[in-house]
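[1] sharing a sequence plus its predicted fold:
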Amino acid sequence: MKTPIYFDYSATTPVDPRVAEKMCLCLTPDGVYGNPASRSHAFGWEAEKLVDEARSNIAALVNADPKEIIFTSGATESDNLAIKGAAHFYQKNGKHIITCKTEHKAVLDTCRHLEREGYEVTYLDPETNGLISLDKLTAAMRDDTVLVSIMHVNNEIGVIQDIAAIGELCRERKIIFHVDAAQSAGKVPIDMATLKVDLMSFSAHKIYGPKGMGALYVRRKPRIRLEAQMHGGGHERGMRSGTLATHQIVGMGEAFRLAKEEMAADNERVRMLRDRLLDGLKDIEEVYINGDMEQRVPHNLNISFNFVEGESLMMALKDLAVSSGSACTSSSLEPSYVLRAIGRNDELAHSSIRFSLGRFTTEEEIDFAIEEIRKNIDKLRELSPLWEMFKDGIDISAIEWAAH
Amino acid sequence: MAYSDKVIDHYERPRNVGVMDKEDTQVGTGMVGAPACGDVMRLQIKVGDDGVIEDAKFKTYGCGSAIASSSLLTEWVKGKTLDEASGIKNSQIAEELELPPVKIHCSVLAEDAIKAAITDYKSKNEDSAKSA
């Protein structure tokens, strides 16, 4: 077993060696390096063929038509293109957008930008389990609502939103529905033939493909139109200009193909490992799971260890690569906005650790992690005045602390 | 966050962790910070009849640099008079530990903690002087 151990698969994943192998065949002089847009020679045709195959594999994972897949540089660009593109194109229908406070910054910041352009945005509060109330969503919908953007799986707490039900609500009202599926593709089955989702963002590097590569699903029936954000040679049916990066696209295609083949087995294995991790930690005093445990991807475990500050815990867990909702790990010094939005107090947000597991996680690594965590929680609580006060029966929330 | 070796050393082997009886008139206690901000530091000093700090203990909830700042401070104040100890500046702590700019507030908190402990000790002993 090699340390440090990678438990941050929700941040990014390594490229699967089978994916890397295919990518390498599209770069060098003896490989398929042509421009897929070159129509006049075999170099272009061969590249186009590989791009088409990749597009089909990506579409197949979500049961879509390959023509509905638009290549982008990643989920951030897909979110920007979907939200700005649809809001601009359909602005005559209204300038109201609905999203949720726990969305990824790529969605939230794009919505903020549209607010500056004169759009109105409703940011829904999720319930304490991280899920959106359909009643609250319905109540927020107006005649001038043009777009709803809700992520499928949350990146911090791993909860799965009911996009099937949200899609029905949107379609009934002819509101465009965008879903950020960066964290769900390859982990949760997605069927575009039945889901009433109009736009869906994908990322390659979250499922063992390369970084800098993503896609946007754009529905054809009923047809959704977008105002392009990137102008140029009119690639990707005019929605996203720029020479197609064959090797990146091939990588994403292979990653999605493997995900379709191996998702069921991967999920089962990862769930077993996640449950093993949880079992090893749940009897520690004062631990809190963040987010719903049922409506959740098996890869994610987000736990707050009360009275221990997250950054110091991560320092102690130097052999484990995890992430924390602690302010001290962010440059803004603000604790996780996702945990605050689900009603966790600042203390628990500061004390949170996200473990995200993946294809290459082993049982041995999980057992090592449990041991390391238990040892270091004890050590840090010995150092914590809050833990001592808790043990002495002092109500910490009743103390008037001087904020600094 | 890339920390200096000194921060890591204090973090991994914190000095003078513990608690003193805060009712003891020889003991001054300073607790600063707030759980919501991610930092709570408790620094205690035991002062001899000659006004010299004989012992110091701390407990800190916070990031690595907060723990290191308080650990370092307990080492520094031992053997110092109250006046000398209250003269310790956060900049000296930050410099010794080579804290990155975003962590300077941890050293400020440590300075606040020793000042609060000294104030607590003094107010206790004024009271006992009056009642005597």
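    Structure received.

[2] which stretches of chain B form helices?
    B:5-12, B:64-77, B:82-86, B:90-97, B:104-131 (DSSP state H).

[3] and for the stretch 201-350 of chain A?
    Per DSSP state H, counting those that start in this stretch, the stretch 201-350 of chain A carries helices over the ranges A:246-281, A:310-316, A:337-341, A:346-350.

[4] in the first one, which residues are buried?
    Burial within helix A:246-281, assessed by neighbour count using 16 or more other C-beta atoms under 10 Å in any protein chain shown, is assigned to A:246-260, A:263, A:266-267, A:269-270, A:273-274, A:276-278, A:280-281. C-beta: built from backbone N, CA, C; applies to glycine.

[5] gap between that helix and the chain center?
    14 Å (C-alpha atoms, centre = their mean, to the nearest Å).

[6] on that earlier part again, so for residue A:228, which of the helices of the stretch 201-350 of chain A sits nearest?
    Residue A:228 lies closest to helix A:246-281 among the helices of the stretch 201-350 of chain A, at 18.8 Å (C-beta to C-beta).

[7] tell me the spacing between residue A:238 and residue B:54.
    Separation of residue A:238 from residue B:54 (C-beta to C-beta, to the nearest Å): 79 Å.

[8] so which of the helices of chain B comes closest to residue A:286?
    The nearest among these, by C-beta to C-beta, is helix B:64-77 at 19.4 Å.

[9] please save the CA atoms from the closest one in PDB.
    Only the C-alpha atoms of helix B:64-77 are listed here, as PDB (Å, rounded to 0.1, in the frame of the first residue of the first chain):
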ATOM      1  CA  GLY B  64      -2.300  23.700  12.500                       C
ATOM      2  CA  SER B  65      -0.900  27.200  12.800                       C
ATOM      3  CA  ALA B  66      -3.300  28.100  15.700                       C
ATOM      4  CA  ILE B  67      -2.100  25.000  17.600                       C
ATOM      5  CA  ALA B  68       1.500  25.800  16.800                       C
ATOM      6  CA  SER B  69       1.200  29.500  17.800                       C
ATOM      7  CA  SER B  70      -0.200  28.600  21.200                       C
ATOM      8  CA  SER B  71       2.200  25.800  21.800                       C
ATOM      9  CA  LEU B  72       5.200  28.200  21.000                       C
ATOM     10  CA  LEU B  73       3.800  30.900  23.200                       C
ATOM     11  CA  THR B  74       3.600  28.600  26.300                       C
ATOM     12  CA  GLU B  75       7.300  27.900  25.800                       C
ATOM     13  CA  TRP B  76       8.200  31.600  25.400                       C
ATOM     14  CA  VAL B  77       6.300  32.900  28.500                       C
END
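
[10] got the angle between that helix and helix B:90-97?
    Using axes from the mean of the first three to the mean of the last three C-alpha atoms, to 10 degrees, the inter-axis angle of helix B:64-77 relative to helix B:90-97 is 110 degrees.

[11] which parts of helix B:64-77 are buried?
    B:64-74, B:76-77.

[12] same deal with stretch A:309-327?
    Applying 16+ other C-beta under 10 Å to stretch A:309-327 flags A:309-317, A:320-327 as buried.

[13] the residues you listed: which ones sit near chain B?
    A:309, A:310, A:311, A:312, A:315, A:326, A:327 (C-beta under 8 Å from any C-beta of the partner chain).

[14] now name the helix or strand holding the residue nearest to residue A:244 when sequence neighbours are not counted.
    Counting by C-beta to C-beta, 6 or more residues apart in numbering or on different chains, residue A:244 lies nearest to residue A:36, which is 4.7 Å off, once chain neighbours are set aside. For residue A:36, there is no enclosing helix or strand under DSSP states H and E.

[15] residue A:36 contacts residue A:246, doesn't it?
    Yes. Counting by C-beta atoms under 8 Å, residue A:36 touches residue A:246, with 5.9 Å between them.

[16] check contacts around residue 63.
    Looking at chain A here, since you left the chain open. With contact set as C-beta atoms under 8 Å, 6 or more residues apart in numbering or on different chains, residue A:63 has these partners: A:190, A:191, A:192, A:193.

[17] wait, chain B
    A:309, A:311, A:312, A:315, A:326, A:328, B:38, B:39, B:103, B:106.

[18] farthest pair within those residues?
    A:315 and B:39 (14.4 Å).

[19] now the residue lying closest to residue A:9 once chain neighbours are set aside: which helix or strand?
    Excluding its sequence neighbours, the residue lying closest to residue A:9 (C-beta to C-beta, 6+ apart) is residue A:358, at 3.4 Å. Secondary structure from DSSP H and E places residue A:358 outside every helix and strand.

[20] flag every buried residue along stretch A:285-302.
    A:287, A:289, A:290, A:291, A:292, A:296, A:297, A:298, A:299, A:300, A:301, A:302.

[21] that one near chain B anywhere?
    No. Judged by C-beta under 8 Å from any C-beta, stretch A:285-302 stays clear of chain B, getting no closer than 12.8 Å.

[22] quick one: contacts for the spatially closest residue to residue B:30 that is not a sequence neighbour?
    Counting by C-beta to C-beta, 6+ apart, residue B:116 is the residue found nearest to residue B:30 once chain neighbours are left out, at 3.0 Å. By C-beta under 8 Å, 6+ apart, residue B:116 lies in contact with B:29, B:30, B:31, B:32, B:43.

[23] relative to residue A:62, how far out is residue B:64?
    43 Å.

[24] residue A:311 too?
    According to C-beta to C-beta, residue A:311 and residue A:62 sit 37 Å apart.

[25] do the same with residue A:273
    26 Å.

[26] count the neighbours of residue 40 for me.
    Because you didn't say which chain, this covers chain A. 7 (other C-beta atoms under 10 Å in any protein chain shown).

[27] wait, chain B was what I had in mind.
    Residue B:40 has 28 nearby residues by other C-beta under 10 Å.

[28] picking that back up, with pLDDT added, can I get the ones next to chain B among the buried residues of stretch A:309-327 in CSV?
    CSV is the format used below for these (pLDDT from 0 to 100):
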residue, pLDDT
A:309, 90
A:310, 87
A:311, 87
A:312, 90
A:315, 89
A:326, 72
A:327, 61
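
[29] returning to that earlier point: filter the buried residues of helix B:64-77 by proximity to chain A?
    Answer for these near chain A (C-beta under 8 Å from any C-beta): B:64, B:66, B:67.

[30] closest to residue B:19 among those?
    Taking those together and measuring to residue B:19 by C-beta to C-beta, the closest member is residue B:67, at 15.7 Å.

[31] that closest one touches residue A:312, doesn't it?
    Yes. If you go by C-beta under 8 Å, residue B:67 and residue A:312 touch, sitting 6.1 Å apart.
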